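1. have a look at this prediction, sequence included:
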Amino acid sequence: MREKPMKPKFKFTDGNMKNKLGTSIEPVFQPPDANMTYADNFTSYCSKEEYLDYYEVLSEIFIKGDLKGKGADKKGKASLEDKQFMSKWLYRSEPLVQTNLSMLHNEGGKLSRGEGQKANASAFHEELSQQKQLFMEKSGLNSIHYSYLEYIFIIFGNYCSKFNKPDALRVAWYKAKEAGISMSEKMCNSYLYVLTNNPSMLSGTVPEAGSILSDLLKGNETSVGNTKEDILCEVATYHDLLYKPTDRSTKLRVSSLVAIGDAAAAEELLNDFASGPSGDSVKLRTYLPILKSYCDSNLCDKAFCLFSRMQRSPQAHLEPENYVLLLSTLAQNGYFRDDNKAPHLTNAKGLGYNYNSGPMLFDEFVKHMAEDVLEISATSAKRLYNSFVESSKDLMHEEAKVLPTMALLESNVSRAMDNELIAGRTIIDSSTARCPRSNATLRLLKLNKIQRERLHEGLIDVSADAYHEFNKKRNVTREESKIACEKLREFSNWMNEREQKPFTAVVDGANVAYFGQNFHEGRFNYHQIEFLVKALESIHEHALVVLPSKYTQDSFHVNLGGWRKQKMDKKERAVLKRLEKNGQLYVTPAGFLDDYYWMLASISDQKNSSNSTSFAVSAEQAAKEGRFPGARPMVLSNDLMRDHRLELFDPRLFRRWTASHIVNYDFTAFVNDECIDADIGFSTPDFFSKEIQGNPTENGTAWHFPVTEWTENNERLVIRLPRTNPK
């Protein structure tokens with residue numbers, strides 16, 4: 001713990017100072033010497049460091065704050081005499097009286113609701129009142145002084161919230177208890193907010209005020225260093241005794257119970273909260289301490305049951321690491337073996353699963369996981385690998401061993417034996433989509449009809465936010481931004497209502513025109529757009545060019561190594577006229593982002609022109625016509641679309657869309673209308689999807705997990721559990 005000099009950080013004035021005219025000015029409160037007020041012994045509230053944080057905040061309030069209370073003078077301030085009298089107790093670093101608030105330690109657990117909650121609140125108010133009376137008798141403070149104290153503790157919480165002073169607030173909490181302060185709900189929430197932003201607050205070192213002497217009399221060995229009180233739980237329990245429990249306060253009490261090793265009581269507390277009117281508000285953070293405790297203790301039945309409940313909870317948005325936590329715990333304990341060594345989950349079938357152990361249980365669980373998670377981390381991948389090595393090394397290749405913390409999981413591309421348990425890193429063949437370890441073939445997972453419709457509506461919804469952000473300098477309001485949705489829906493209707501030949505390709509016009517033009521004579525090149533359209537026609541694709549209205553003007557500014565003005569010449573205007581004449585140009589309105597238009601065009605059903613039939617290209621059709629197989633329309637763009645709003649809207653849909661529809665291009669940049677090299681290259685859409693998927697093999701399902709940090713060579717974590725007892 002860092003040491004601070006026992007010296008205040010304030011510059012104080014003499015109480016008898018005079019102004020330039022020689023008139024005495026109002027005396028200023030001077031904090032006492034910290035060396036004199038801190039008692040460096042076992043009866044102290046806190047460590048030196050904690051006390052100095054508290055001392056500084058309190059001094060700031062005394063010097064700069066106008067203390068309000070029932071006895072304030074006409075200016076609304078406490079007198080210097082009042083401040084000095086109160087400061088004797090406020091600056092003490094050790095308790096004056098013992099704190100007797102027994103209800104704060106009601107097993108840290110279940111509290112009654114309804115009429116029972118009202119009775120609890122009434123009883124706790126009585127405890128606070130008795131504590132207040134004891135404190136006032138011992139301290140000599142009157143009701144006026146006490147009203148100042150109540151105000152000080154409110155300001156203290158606000159100050160610590162603003163400047164992040166958890167150590168200072170921690171000491172203030174113990175003094176507030178000692179004084180029997182009755183906090184408002186807002187004040188409780190302020191204290192909870194500050195303390196929860198500091199993880200070290202979960203276990204305190206501050207003793208119960210006044211309990212030291214009684215513990216010594218009972219023969220208990222107690223000191224600042226070994227007393228561990230859960231301050232967060234106390235504040236949360238204080239809140240829940242007087243007010244309706246919240247997810248935050250429940251989470252803190254749950255964490256406290258888990259910290260002392262009573263996860264069962266923590267789950268009972270959670271059940272009680274969940275059965276109340278705010279039950280649907282339980283978040284992931286409230287469940288996790290219990291789940292982790294069950295997994296650490298290998299209580300697999302309890303962990304599995306709790307996890308299933310978390311999956312059904314509307315506010316518990318599960319992360320990949322949560323799935324891996326349970327999955328690795330089950331694997332480590334042998335639940336996925338297919339022999340007589342495998343234990344059985346007693347509650348799996350009651351929770352909707354068809355199996356309670358073995359490879360089929362693994363398949364069922366990971367299938368649910370794949371619906372919720374796209375990829376896992378390298379740490380999670382190694383955790384899963386190690387968990388199978390620990391329980392099933394006898395079923396794995398002979399070199400399998402538990403990897404230490406810093407070791408990397410190496411790739412293995414050798415073919416596994418049919419009865420071998422596969423768990424490890426491998427490289428998928430980019431030309432065949434085949435896994436060398438399991439011999440499974442990965443698939444390209446495309447958007448289905450429902451997903452296309454959801455993506456379609458999602459694009460329209462998020463376009464308003466994008467329009468608002470794009471037009472910030474014009475002070476466009478949220479309400480005015482709704483026009484973006486209207487315009488995009490107009491485009492959608494146009495795509496569906498037109499009866500001409502359906503579009504099988506959509507060109508990001510601006511992206512193509514800027515491509516490779518960052519040189520001295522470079523410009524926004526319309527001839528490149530026409531060149532790409534003709535190249536697509538040569539492979540039997542009918543293209544729509546989406547272009548912002550800015551680039552249809554006679555002059556406009558371009559950013560090519562710096563901003564400059566470009567004037568459209570006759571040849572360039574002719575390109576646009578030819579596209580327009582052929583019905584292959586759509587100009588997006590000024591101030592609207594064109595990417596939403598070409599994205600939406602790629603998932604449009606084009607109902608009239610397609611007669612509501614799919615115009616995707618099969619592998620056979622592609623081979624016959626010299627086209628790319630896959631979804632249509634494809635999007636021709638080199639836009640990387642990093643951090644796109646749609647990805648935030650639904651990462652899975654966005655990933656499936658990019659994998660199925662995006663085609664990159666490459667050609668030699670034009671110089672004005674001159675084409676130096678007529679060759680053009682296209683990169684086809686992904687051959688297989690970068691998301692969790694299971695595929696059949698001769699001996700069980702092989703599951704492939706994309707790993708965030710494994711960005712090269714199409715690497716995956718592959719797991720296949722052999723069926724030694726086929727069912």
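-> Good, I have the coordinates.
2. I'd like to know which helix or strand in the chain has the lowest mean pLDDT.
-> Using mean pLDDT, DSSP states H and E, helix 211-217 stands out as the lowest-scoring helix or strand of the chain, at a mean of 31.
3. quick one: name whatever helix or strand follows that helix.
-> Using DSSP states H and E, the helix or strand that follows helix 211-217 in sequence is helix 231-242.
4. buried sites along that next one?
-> Within helix 231-242, the residues that qualify as buried are 231-242, counting by 16 or more other Cβ atoms under 10 Å. For every residue, glycine as well, the C-beta is placed using N, CA and C.
5. what do you get for stretch 703-719?
-> Judged by neighbour count using 16+ other Cβ under 10 Å, the buried positions of stretch 703-719 are 703-707, 710, 714-719.
6. just the endpoints, please. Distance across that stretch?
-> With Cα to Cα, to the nearest Å as the measure, the first residue of stretch 703-719 is 5 Å from its last.
7. which intervals of the stretch 501-650 of the chain have sub-threshold pLDDT?
-> For the stretch 501-650 of the chain, applying pLDDT under 70 flags the ranges 642-648.
8. neighbours around Leu532, how many?
-> Leu532: 24 surrounding residues under other Cβ atoms under 10 Å.
9. sorry, slip of the keys, the one I care about is Gly694.
-> By other Cβ under 10 Å, the residues close to Gly694 number 20.
10. so it bridges to which residues?
-> Going by DSSP bridges, Gly694 is paired in beta bridges with Trp703.
11. contacting residues for it?
-> For Gly694, the contacting residues are 363, 366-367, 370, 701-704, by Cβ atoms under 8 Å, 6 or more residues apart in numbering.
12. and the buried residues of stretch 703-719 as TSV, adding distance to Ser555?
-> Shown next, in TSV, are the buried residues of stretch 703-719 (distance: Cβ to Cβ, whole Å):
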residue	distance to Ser555
Trp703	57
His704	53
Phe705	53
Pro706	47
Val707	50
Trp710	49
Asn714	47
Glu715	50
Arg716	51
Leu717	55
Val718	57
Ile719	60
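13. could you work out the most separated pair of those residues?
-> Spanning the widest gap among the buried residues of stretch 703-719 are Asn714 and Ile719, at 16.8 Å by Cβ to Cβ.
14. checking Leu104 next. Helix, strand or coil?
-> Using DSSP: H, G, I helix; E, B strand; the rest coil, the structure places Leu104 in helix.
15. roughly how far does it sit from Glu127?
-> Distance, Leu104 to Glu127, using Cβ to Cβ, to the nearest Å: 9 Å.
16. higher neighbour count, these two?
-> The residue with more neighbours, out of Leu104 and Glu127, is Leu104; 19 against 16, by other Cβ under 10 Å.
17. coming back round to it: pick the one among the buried residues of stretch 703-719 closest to Gln332.
-> Set against Gln332, the nearest of these by Cβ to Cβ is Ile719 (13.8 Å).
18. that closest one should be in a strand, yeah?
-> Yes - counting by three-state DSSP, Ile719 is part of a strand.
19. isn't it up against Thr697?
-> No - with contact defined as Cβ atoms under 8 Å, Ile719 does not count as touching Thr697 (11.6 Å).
20. so how far is Thr346 from Ala265?
-> According to Cβ to Cβ, Ala265 and Thr346 sit 21 Å apart.
21. those two: which is more packed in?
-> Ala265 (20 against 12).
22. state the helix or strand in which the more buried one lies.
-> helix 263-274.
23. can you tell me what sits against stretch 328-348?
-> Applying Cβ under 8 Å, 6+ apart, the contact partners of stretch 328-348 are 295, 298, 300-301, 303-305, 355-359, 361-362, 365, 383-384, 386-388, 390-392, 395, 721-725.
24. check the offset of that stretch from the chain's centre.
-> Remark: stretch 328-348 is offset 31 Å from the chain centroid, using Cα atoms, centre = their mean, to the nearest Å.
25. list the buried residues of it.
-> Within stretch 328-348, the residues that count as buried by 16+ other Cβ under 10 Å are 328-338, 342, 345, 348.
26. wait, which of the residues you listed is closest to Phe667?
-> Among the buried residues of stretch 328-348, Ser328 lies closest to Phe667 (Cβ to Cβ), at 48.4 Å.
27. can you report how many residues lie near the nearest residue to Ala179 once chain neighbours are set aside?
-> Among residues not flanking Ala179 along the chain, Phe135 sits closest, at 4.9 Å (Cβ to Cβ, 6 or more residues apart in numbering). Neighbour count of Phe135, defined by other Cβ under 10 Å: 24.
28. and the strands in the stretch 601-727 of the chain?
-> For the stretch 601-727 of the chain, the strands defined by DSSP state E, counting those that start in this stretch occupy 634-636, 662-667, 680-683, 693-697, 700-705, 715-720.
29. and the stretch 401-550 of the chain, by the same measure?
-> Using DSSP E, counting those that start in this stretch, strands in the stretch 401-550 of the chain cover 422-427, 505-508, 543-548.
30. now distance to Ser602 too, for the ones you listed, in a markdown table please.
-> Putting these into a markdown table (distance: least, Cβ to Cβ, whole Å) gives the following:
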| stretch | distance to Ser602 |
| --- | --- |
| strand 422-427 | 30 |
| strand 505-508 | 5 |
| strand 543-548 | 10 |
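31. among the ones you listed, which is nearest Asn471?
-> Across these, Asn471 has its closest neighbour in strand 543-548 (13.6 Å, Cβ to Cβ).
32. tell me which residues are up against the closest one.
-> 503-510, 529, 532-533, 536-537, 576, 579, 584-588, 590, 592, 594, 597-598, 601, 633, 636.
33. again with stretch 607-624
-> Here stretch 607-624 makes contact (Cβ under 8 Å, 6+ apart) with 496-504, 605-606, 625, 627-632.
34. which of the buried residues of stretch 328-348 lies closest to Pro651?
-> Ser328 (23.2 Å).
35. burial count for Thr37?
-> Residues within reach of Thr37, counting by other Cβ under 10 Å, total 18.
36. hmm, back to that, if any of the contacts of stretch 328-348 are buried, put those into a ChimeraX selection.
-> Buried residues within the contacts of stretch 328-348, by 16+ other Cβ under 10 Å, are selected in ChimeraX with:
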select :295,300,303,304,305,355,356,357,358,359,361,362,365,383,384,386,387,388,391,392,395,721,722
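37. so where's this structure shaky on pLDDT?
-> In the chain, residues with pLDDT under 70: 1-27, 65-77, 106-116, 198-230, 279, 642-648, 725-727.
38. now stretch 612-625: buried residues?
-> 617, 622.
39. same check, this time on stretch 366-381
-> For stretch 366-381, burial by neighbour count (16+ other Cβ under 10 Å) applies to 366, 368-370, 373-377, 380-381.
40. okay, the residues you listed in a markdown table with distance to Asp666 next?
-> Formatted as a markdown table, the buried residues of stretch 366-381 follow (distance: Cβ to Cβ, whole Å):
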| residue | distance to Asp666 |
| --- | --- |
| Val366 | 38 |
| His368 | 41 |
| Met369 | 37 |
| Ala370 | 34 |
| Val373 | 34 |
| Leu374 | 28 |
| Glu375 | 28 |
| Ile376 | 33 |
| Ser377 | 33 |
| Ser380 | 36 |
| Ala381 | 33 |
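41. restricted to helices, list those.
-> Cross-referencing the buried residues of stretch 366-381 against helices under DSSP state H gives 366, 368-370, 380-381.
42. from the contact counts, what lies against the biggest helix by length in the chain?
-> Once the chain is assigned using DSSP H, the helix that runs over the most residues is helix 115-139. Judged by 3 or more Cβ pairs under 8 Å, 6 or more residues apart in numbering; DSSP states H and E, helix 115-139 is in contact with helix 143-163, helix 166-179, helix 231-242.
43. right, I'll leave it there.
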